[in-house]
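**Q** quick check, what structure comes out for this input:
(one chain, ligands or ions: 2)
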Amino acid sequence: MIKANFHTHTTFCDGKNTPEEMVLAAIRLGMTALGFSSHSYSDSENYGLKPETIANYRSDILRLKEKYRDCIEILLGIEQDVTSDPLDFPYDFSIGSMHGVHKDGDVFSIDHCEEIFVQTVTQHYQGDYYAYAEDYYRQLADSVLKHDPTFIGHFDLVTKFNEGDKFFDESHPRYQEAALNALEVIAKAGKPFEINTGAVFRGCRTMPYPAPFLLKSLHEMDGKIILSSDAHSCDGLLFGYEKATELAKSCGFSTAVVLTPDGFREESL
Ligand SMILES: [Zn+2]
Ligand SMILES: [Zn+2]
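**A** Ligands and ions are numbered 1, 2, ... in the order given. Presented below is the predicted three-dimensional model:
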């Protein structure tokens, strides 16, 4: 099984453990690589890096990279939100993630809580969840072309509160067309997609992102995947990797990529 994770949060943003605690846990798990990805600074969100903590974040990860270089490969990355300014630092990698939809001159959180999700659609989309999803995917695809991230985080985060089609039908042509159009744009740009188990670990969902129909289409487009736990604590580091591997195989994949200092390397599932 692949034992590497490149989506890791710490006390520098909204994680529970320090970077060093995460490194020690990763070594105990026999992991080969660990990539740190604090949330980027954003005016509209308060859980990311702050201008005054960014330098400390970088230096702490670089210190650990050196200290544990004989035990594990450590990479310095960032989870780059679409609402953040373009990167001005040569991180080892960046994750392109969208946590808020721009609408009516404001930004509305997609994943903070169900209440905000419903309120946004009710007040700004006249209750039309498909119009909301269309905006989400259009803005996500645009941002990938703008920020040029290394890979894509939780592609269909817009479904976080929609398990069991609670608010909208994920087999509806309007939803599927919006999602597949963005998938194609991003896959053509050569960006791997996460299979992200983080929300399953936190008990918000029963299945990782993205949905099987998207993974099957991605495979048909010759797209790439990367396993990711979106860990916010030591006990989440490799959570759900067996399930994610099974899901990937059932959608046609036989390999996933892992990050190295020299770029992606493909590994068997
Ligand atoms: Zn995220
Ligand atoms: Zn994350």
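**Q** list the buried residues of the helix of greatest length in the chain.
**A** For the chain, the helix that runs over the most residues, judged by DSSP state H, is helix 129-147. Within helix 129-147, the residues scored as buried using 16 or more other Cβ atoms under 10 Å are 129-137, 139-141, 143-144, 147. (Glycine included, C-beta is placed from N, CA and C.)
**Q** N5 against C234, yeah?
**A** No - under the criterion of Cβ atoms under 8 Å, N5 makes no contact with C234, lying 11.5 Å away.
**Q** pull out the buried positions in stretch 181-196.
**A** A182, L183, V185, I186, A187, K191, P192, F193, E194, I195, N196.
**Q** nearest residue to the residue nearest the centre of the chain other than its sequence neighbours?
**A** Centroid-nearest residue in the chain: G153, 2.2 Å away (criterion: Cα atoms, centre = their mean). Spatial nearest neighbour of G153, excluding adjacent residues (Cβ to Cβ, 6 or more residues apart in numbering): S97 at 3.5 Å.
**Q** quick one: that neighbour from ligand 2, how far?
**A** Separation of S97 from ligand 2 (Cβ to the ion, to the nearest Å) stands at 6 Å.
**Q** need the contact list for that residue.
**A** E79, Q80, D81, V82, I152, G153, H154, L157 (Cβ atoms under 8 Å, 6 or more residues apart in numbering).
**Q** how many neighbours does the one residue in the stretch 51-200 of the chain that gets nearest to ligand 2 have?
**A** The nearest approach of the stretch 51-200 of the chain to ligand 2 comes at E79, 4.8 Å away (Cβ to the ion). Residues lying near E79 (other Cβ atoms under 10 Å) number 25.
**Q** with the one 10 residues further on instead?
**A** F89: 10 surrounding residues under other Cβ under 10 Å.
**Q** that one contacts S59, correct?
**A** No - taking contacts as Cβ under 8 Å, F89 lies outside contact range of S59: 11.8 Å.
**Q** can you pull the residues of the protein lying near ligand 2?
**A** E79, D230 (Cβ under 5 Å from the ion).
**Q** which residue ranges of the chain form helices?
**A** 19-28, 54-67, 114-124, 129-147, 173-188, 198-201, 212-220, 241-250.
**Q** which secondary structure elements does the fifth one sit against?
**A** Helix 173-188 is packed against helix 129-147, strand 193-196, helix 212-220, with contacts defined by 3 or more Cβ pairs under 8 Å, 6 or more residues apart in numbering; DSSP states H and E.
**Q** let's see that with 7 Å instead.
**A** helix 129-147, helix 212-220 (3 or more Cβ pairs under 7 Å, 6 or more residues apart in numbering; DSSP states H and E).
**Q** worst average pLDDT in the ones you listed?
**A** Among those, helix 129-147 carries the lowest mean pLDDT, at a mean of 95.
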